[in-house]
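# I'd like to go over a predicted model; first the sequence, then the structure.
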Amino acid sequence: MGHPTSPPIAGLPAKQGVAAWWQAAPLTLVFALFFLVPLALVLMVSFWDFSEYELLPGFTFKNYVAIFEGCADLAQPCVTLSTYLSTLKFSLLVWGITLVLGFAVAYFLAFHVRSPGMQTLLFVLCTVPFWTSNVIRMVSWVPLLGRNGLVNQTLADLRLIDTPIEWLLFSDFSVVLAFVHLYTMFMIVPIFNSMMRIDRSLIEASSDAGASGWQTLWSVVVPLSRTGIVIGSIFVLTIVMGDFVTIGVMGGQQIASVGKIIQVQTSYLQFPLAAANAVILLAIVLMVIWGLTRLVDLRKEL
């Protein structure tokens with residue numbers, strides 16, 4: 001005579017659901033407290049008015065109108081449009097350079113360094129610059145690129161130049177150089193992680209099929225590394241678009257960016273105007289992230 005089967009417990013799924021909610025509650029609370037609430041406050045302040053010495057709570061589109069004032073004239077770009085184009089220019093330049101450098105370094109570490117110990121050692125060496133402050137790393141370029149810096153003195157000693165090269169420092173060149181120096185690691189890490197997950201038998205199969213090294217790179221390695229490329233691109237683009245310290249220091253306070261404008265507006269206590277600029281910049285950054293995530297399903301790949 002068989003044993004009677006136990007009836008299903010009707011409340012079990014509900015209990016599991018409650019338990020899952022309790023597990024997610026702490027992270028949800030932290031996310032809401034430190035991300036959603038500050039964003040909501042910035043959005044709210046962007047609709048406030050202000051005077052020379054106080055904020056005036058209310059609801060007005062005055063700040064957004066002031067930002068785009070004069071932009072209707074297509075013949076001559078307004079200050080806002082010029083600033084956003086300048087920020088986009090730096091973002092794309094830094095993204096392209098860091099992508100090439102980051103991919104090359106990650107490829108070397110993943111496929112040309114055979115020893116895991118050596119891979120770890122070289123990877124740690126790549127992180128050494130992060131042991132110091134970003135400001136210190138930026139300032140370290142000044143004695144090298146200045147008018148009387150090491151680079152100009154060396155070129156003059158070699159009689160390659162008669163007068164110092166002016167554009168090495170406090171220029172677009174120095175800003176891009178500093179950005180690349182600071183943020184290439186953000187491209188190396190995710191690409192290297194994606195490359196280490198590639199099945200090496202696919203590389204061997206491509207070689208056995210007669211593909212050259214470049215064909216294997218473009219047809220096998222690059223497509224399988226796209227998750228890391230997208231993640232690294234999100235890191236670099238979003239950081240550069242909001243950066244103002246690097247542009248201020250390496251640009252000699254002569255180059256404008258959206259982040260720099262927001263910083264200047266807050267220093268003059270124009271918080272609603274700065275908040276409106278921040279909301280616009282955030283919207284652009286979110287559109288960039290949305291566009292990049294259309295290229296690959298990050299949740300599925302990770």
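Here it is on my side, so go on. Numbering: from 1, shown residues only.
# The helix or strand containing residue 231 - what's its average pLDDT?
Under the criterion DSSP states H and E, the helix or strand holding residue 231 is helix 226-242. Model confidence over helix 226-242, given as mean pLDDT, is 93.
# List the buried residues in that helix.
227-242 (16 or more other C-beta atoms under 10 Å). C-betas here are computed from N, CA, C, even on glycine.
# In a helix, residue 173, correct?
Yes. When classified by DSSP: H, G, I helix; E, B strand; the rest coil, residue 173 is found to be part of a helix.
# Spatially nearest residue to it, not counting backbone neighbours?
residue 167 (5.6 Å; C-beta to C-beta, 6 or more residues apart in numbering).
# do the same with residue 59
The shortest distance from residue 59 to any residue that is not its chain neighbour, by C-beta to C-beta, 6+ apart, is 5.1 Å, and that residue is residue 47.
# Residue 242 too?
Spatially, and ignoring its direct neighbours in sequence, residue 242 is nearest to residue 259 (5.0 Å; C-beta to C-beta, 6+ apart).
# The nearest residue to residue 166 once chain neighbours are set aside: which element?
When the adjacent residues along the chain are set aside, residue 166 lies closest to residue 147, with 6.9 Å between them (C-beta to C-beta, 6+ apart). Secondary structure from DSSP H and E places residue 147 outside every helix and strand.
# how much space between residue 206 and residue 291?
As for residue 206, its distance to residue 291 is 30 Å (criterion: C-beta to C-beta, to the nearest Å).
# ok, now residue 222?
With distances taken as C-beta to C-beta, residue 222 is found 19 Å from residue 291.
# So for those two, which residue has more residues nearby?
For residue 222 against residue 291, the residue with the higher neighbour count under other C-beta atoms under 10 Å is residue 222, and the figures read 13 against 9.
# Please name the residues that touch that one.
Residues counted as contacts of residue 222 (C-beta atoms under 8 Å, 6 or more residues apart in numbering) are residue 229.
# now the helix or strand where it lies, how far from the centre of its chain.
Residue 222 belongs to helix 222-224 when assigned by DSSP H and E. Here the centre of mass of C-alpha atoms in helix 222-224, compared against the chain's by C-alpha atoms, centre = their mean, to the nearest Å, lies 21 Å away.
# from what I can see residue 84 touches residue 256, true?
No. Applying C-beta atoms under 8 Å, one finds residue 84 not in contact with residue 256, separated by 9.8 Å.
# Those two: who's more crowded?
Between residue 84 and residue 256, counting by other C-beta under 10 Å, residue 84 is the more crowded of the two (21 against 18).
# Could you pull up the residues touching that one?
Residue 84 touches 258, 284, counting by C-beta under 8 Å, 6+ apart.
# And it, how close does it get to residue 78?
According to C-beta to C-beta, residue 84 stands 10 Å off from residue 78.
# quick one, longest helix in the protein?
As far as residue count goes, and with DSSP state H defining each element, the longest helix of the chain is helix 79-107.
# Quick one: low-confidence residue ranges for the stretch 1-150 of the chain.
Counting by pLDDT under 70, the stretch 1-150 of the chain has low-confidence residues at 1-18, 73-75.
# cool, and the stretch 201-302 of the chain?
Counting by pLDDT under 70, the stretch 201-302 of the chain contains low-confidence residues at 300-302.
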